[in-house]
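Chemist: with the sequence up front, the predicted model follows.
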Amino acid sequence: MTEVIIAPNPASAAQLVAEIVITQLEAHPSTVLGIATGSSPMQAYLAVGDRAQARSLDLTGVRGFGLDEYVGLPSDHPAMYRNVVRREIEPAMRLLPDSIEMPDATLGTLADAGDRYEAKISKAGGIDLQILGIGTNGHIGFNEPGSSLSSRTRVKTLAEPTRLANRRFFGGHETVPIHCVTQGIGTILDARRVILIATGAAKARSIHLALEGPVSAANPASALQLHGNAIAVVDVAAAGDLRHREYYQFAWSNKPKWQRPHPGPVASIDS
Ligand code: GLP
């Protein structure tokens with residue numbers, strides 16, 4: 001079952017996620033991270049970098065794998081997730097440049113792009129800690145409603161709500177790519193631990209359906225209910241539709257001290 005932590009505001013949600021990530025990196029310097037793009041985890045990435053600097057942590061052994069990528073963008077397009085990762089996420093987290101691998105979504109190489117990416121993740125020993133955001137339609141990565149719950153990395157067609165939500169990065173709806181390469185839901189479920197972060201009232205319905213709705217391909221994030229070590233960190237606005245929020249708050253405020261920050265690092269390939 002997913003553990004649900006309700007933070008008073010987006011800043012404290014980011015700090016909580018950062019503390020879980022940094023505890024992992026401190027214990028296992030060759031952790032393999034799964035990295036989501038999008039606005040939701042950005043503050044947490046910055047907080048990880050700040051904490052790493054404050055504790056003089058050596059992050060040179062940390063590697064990562066991005067969740068997804070748009071198909072067919074010119075290599076210098078600012079919205080290409082590879083470029084977002086190089087420009088914003090690696091510096092924010094104070095990771096080495098190019099330490100986060102991204103799916104290859106170059107036109108002409110797509111037939112085996114998913115298999116090649118899966119092979120790279122396997123060779124790295126699998127993902128220890130996957131950081132996730134969620135779409136307003138319940139997508140994780142770019143696994144749109146209807147995605148197989150056992151899917152692997154592959155080419156997908158973006159849903160219109162996703163293209164509309166992301167048009168701000170492309171200067172208009174028409175120029176948003178139609179296809180992407182995304183880790184599958186099965187790939188995400190293979191991570192040893194998953195942390196989902198969501199803030200703001202716009203995510204309240206998708207968070208309710210993900211955590212309390214039926215497990216269904218119609219709500220891809222609901223697959224996280226099948227993960228044995230998943231944590232959802234949400235702010236009060238994103239928690240607005242949760243039916244059991246009082247219980248989640250009660251459980252969190254009574255969490256045994258020895259389990260904090262929950263529930264200690266996962267074993268990594270360096271252990
Ligand atoms: C994007 C990304 C996802 C991200 C989600 C939410 O389209 N492909 O990986 O988690 O949508 O984005 P945001 O955090 O900006 O709301």
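Modeler: Great, that's in hand.
Chemist: would you mind naming what in the stretch 1-150 of the chain lies close to the ligand?
Modeler: 36, 37, 38, 39, 40, 67, 68, 133, 134, 135, 141, 142 (C-beta under 6 Å from any ligand atom). For glycine as for every other residue, the C-beta is placed from the backbone atoms N, C-alpha and C.
Chemist: what mean pLDDT does stretch 252-261 get?
Modeler: Averaged over stretch 252-261, pLDDT sits at 80.
Chemist: looking at the stretch 51-200 of the chain, which residue is nearest the ligand?
Modeler: Closest approach between the stretch 51-200 of the chain and the ligand, counting by C-beta to the nearest ligand atom: residue 133, at 2.5 Å.
Chemist: now the buried members of the residues of the stretch 1-150 of the chain next to the ligand.
Modeler: 36, 37, 38, 40, 67, 68, 133, 134, 135, 141, 142 (16 or more other C-beta atoms under 10 Å).
Chemist: and those, which is closest to residue 210?
Modeler: For those, the closest approach to residue 210 (C-beta to C-beta) belongs to residue 134, at 6.3 Å.
Chemist: got the contact list for the closest one?
Modeler: 40, 140, 196, 198, 203, 206, 207, 210, 221 (C-beta atoms under 8 Å, 6 or more residues apart in numbering).
Chemist: neighbour-wise, which one of those leads?
Modeler: When neighbours are counted by other C-beta atoms under 10 Å, residue 140 leads these with 31 neighbours.
Chemist: need the phi and psi values for that residue.
Modeler: phi -120, psi 140 (degrees, to the nearest 10).
Chemist: tell me how far the nearest residue to it once chain neighbours are set aside lies from the ligand.
Modeler: Nearest residue to residue 140, sequence neighbours excluded (C-beta to C-beta, 6 or more residues apart in numbering): residue 221, at 4.9 Å. Separation of residue 221 from the ligand (C-beta to the nearest ligand atom, to the nearest Å): 10 Å.
Chemist: hmm, residue 221 is touching residue 136, no?
Modeler: No: with contact defined as C-beta atoms under 8 Å, residue 221 does not reach residue 136; the gap is 10.9 Å.
Chemist: tell me, what's touching those two both at once?
Modeler: Common neighbours of residue 221 and residue 136 (C-beta under 8 Å, 6+ apart) are residue 206.
Chemist: the residue nearest to residue 137 when sequence neighbours are not counted in helix, strand or coil?
Modeler: Excluding the flanking residues, the one nearest residue 137 by C-beta to C-beta, 6+ apart is residue 161, at 4.9 Å. Three-state call for residue 161 (DSSP: H, G, I helix; E, B strand; the rest coil): helix.
Chemist: need the strands for the stretch 151-271 of the chain, in chain order.
Modeler: Ranges of strands within the stretch 151-271 of the chain are 154-157, 179-182, 193-198, 230-235, based on DSSP state E, counting those that start in this stretch.
Chemist: mean pLDDT and distance to residue 99 added to the ones you listed, as a markdown table?
Modeler: A markdown table is the format used below for the strands of the stretch 151-271 of the chain (pLDDT from 0 to 100; distance: least, C-beta to C-beta, whole Å):
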| stretch | mean pLDDT | distance to residue 99 |
| --- | --- | --- |
| strand 154-157 | 98 | 24 |
| strand 179-182 | 98 | 20 |
| strand 193-198 | 98 | 19 |
| strand 230-235 | 97 | 24 |
